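Enquirer: below is the sequence, then the predicted model.
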Amino acid sequence: MKIALIGPPKSGKTTIFNALTGADHEVDKYSPPATEANIGIVQVTDERITRLSELYQPKKTIYANLEFHDFPGIFARETENPESTIFSEIKSCDAFVLILRAFKDEELDQLYQDTDPLKVLSHFEEEMILADLMVAEKRLEKIALSYKRGVKTPALMIEEKALQRIVSHLQDNNSIRSLELPDEEEKAVRGFQLMSAKALLILLNTTEKEFKQQDELLSRFRQQGYMAEVIAGKFEQELAALEADEAKLFMADMGMDMSIKDRLSMLCYELLGLISFFTVGPDEVRAWTITKGTTAINAAGKIHSDLARGFIRAECFSYEDLIAHGSEKHLKEKGLFRLEGKEYLVQDGDILNIRFNV
């Protein structure tokens, strides 16, 4: 999964990216704006994988990963082109983490007049809606031209219907995130990667001193339906450079039990409706990331396309049962080892072995 860190210039995106990834990119407020994204892979901490690895002693242990893209500040200038390369890269991500500055800085306050996080969020939503509206209207014009040329396929008609719904919704200043489309229409427009359709998490970046003083602002974001959390970005970057035991002491002083790396990973899983299933054995213990509601055959395809193509059954048991009873042998004796068909909905913590024949 690819997660975009976006926000106004100098809101602390790169500071947070450094805290997440352990990188050391320039974060001085006087440094010139970046022109391309920083990219980093973050391993998702999951104690279940650690326990499974201890149990099976595999040659390899592979945790799930999230890929974070730290983009230059966007929507800071009226001249920005929503069809530019940087916007295309942003739209290719699965979700957005919008970082808003919630700390005082006289120089930045003078440079960027609108510093109220709620107003900045409203501006971002408006700009994303406008960018999507341009894309949808342009595509509708092309569909109309196709009709004039005598090309009017069922697929085009479904796409047109979806785009008309989208345009109407956007013109009412609503993000596509709040629009439910029929399945066939949603599939027809999925390739446009519309910005206001992306899952959105708000991160309020503040100082260590003001970390515990953001409840009212967080509440206002959440009342509007957003997932929102607070982070002390500079503190988290400094924390990432410490030894684990020392870091725990500093986190305890802040009332935190997890670093931003672990907290943000969990938030992104919740935001995107993600779960993990596992494969185990002497060669490899591995976590696989899927969305809630994924069927066994599609989960098999996540491992390898041949497993989905030749799917017969999924041997299945839960992590919790395995830990409770100690071994696969005991699970079989207690009837907790199951055979599931292709339509079985995989649950978080399931351990799967796919029977297949190609």
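Expert: Structure's in. What do you need?
Enquirer: list the buried ones in stretch 39-46?
Expert: Neighbour counts over stretch 39-46 (16 or more other C-beta atoms under 10 Å) mark 40, 42, 44, 46 as buried. Yep, even glycine has a C-beta here, placed from its N, CA and C like the rest.
Enquirer: repeat that for stretch 308-319.
Expert: Buried, per 16+ other C-beta under 10 Å, within stretch 308-319: 308, 311, 313, 314, 316, 317, 318, 319.
Enquirer: can you name the residues in contact with it?
Expert: For stretch 308-319, the surrounding residues in contact (C-beta atoms under 8 Å, 6 or more residues apart in numbering) are 48, 51-52, 278, 296-301, 328, 331, 336-342, 344, 347, 349-358.
Enquirer: keeping just the C-alphas, turn that stretch into PDB.
Expert: C-alpha atoms of stretch 308-319 as PDB (Å, rounded to 0.1, in the frame of the first residue of the first chain):
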ATOM      1  CA  ALA A 308      -5.900 -18.500  -7.300                       C
ATOM      2  CA  ARG A 309      -6.100 -20.100 -10.800                       C
ATOM      3  CA  GLY A 310      -5.900 -23.600  -9.400                       C
ATOM      4  CA  PHE A 311      -7.600 -23.000  -6.100                       C
ATOM      5  CA  ILE A 312      -9.100 -26.100  -4.500                       C
ATOM      6  CA  ARG A 313      -9.400 -25.400  -0.700                       C
ATOM      7  CA  ALA A 314      -7.800 -23.200   1.900                       C
ATOM      8  CA  GLU A 315      -6.600 -25.000   5.000                       C
ATOM      9  CA  CYS A 316      -7.300 -22.400   7.700                       C
ATOM     10  CA  PHE A 317      -6.900 -21.900  11.500                       C
ATOM     11  CA  SER A 318      -6.600 -18.700  13.600                       C
ATOM     12  CA  TYR A 319      -3.500 -17.200  15.200                       C
END
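Enquirer: offset the numbering so it begins at 58, please.
Expert: Sure, I'll start counting at 58 from here, so that last one is stretch 365-376.
Enquirer: any idea of the mean pLDDT in it?
Expert: Mean pLDDT, stretch 365-376: 96.
Enquirer: distance between that stretch and the chain's centre?
Expert: 27 Å (C-alpha atoms, centre = their mean, to the nearest Å).
Enquirer: swap in stretch 321-329?
Expert: The mean C-alpha position of stretch 321-329 is separated from the chain mean by 6 Å, C-alpha atoms, centre = their mean.
Enquirer: residues contacting it, please?
Expert: Stretch 321-329 is touched from outside by 58, 60, 77, 99, 101-102, 123, 151-152, 154, 256-258, 260, 284, 286, 315, 331-332, 346, 348, with contacts defined as C-beta under 8 Å, 6+ apart.
Enquirer: can you mark which positions in it are buried?
Expert: In stretch 321-329, counting by 16+ other C-beta under 10 Å, buried: 321, 322, 324, 325, 326, 328, 329.
Enquirer: and the first one, backbone torsions?
Expert: In terms of degrees, to the nearest 10, the main-chain angles of residue 321 are phi -70, psi -30.
Enquirer: any idea how far residue 380 is from it?
Expert: Residue 321 is 27 Å from residue 380, where distance means C-beta to C-beta, to the nearest Å.
Enquirer: average model confidence for stretch 272-288?
Expert: pLDDT averaged over stretch 272-288 gives 92.
Enquirer: okay, buried residues for that stretch please.
Expert: By 16+ other C-beta under 10 Å, the buried positions in stretch 272-288 come out as 274, 275, 278, 283, 284, 285, 286, 287, 288.
Enquirer: so residue 216 touches residue 244, yeah?
Expert: No: with contacts counted by C-beta atoms under 8 Å, residue 216 stays clear of residue 244, the gap being 9.5 Å.
Enquirer: which one's more surrounded, the two?
Expert: residue 216 (21 against 14; other C-beta atoms under 10 Å).
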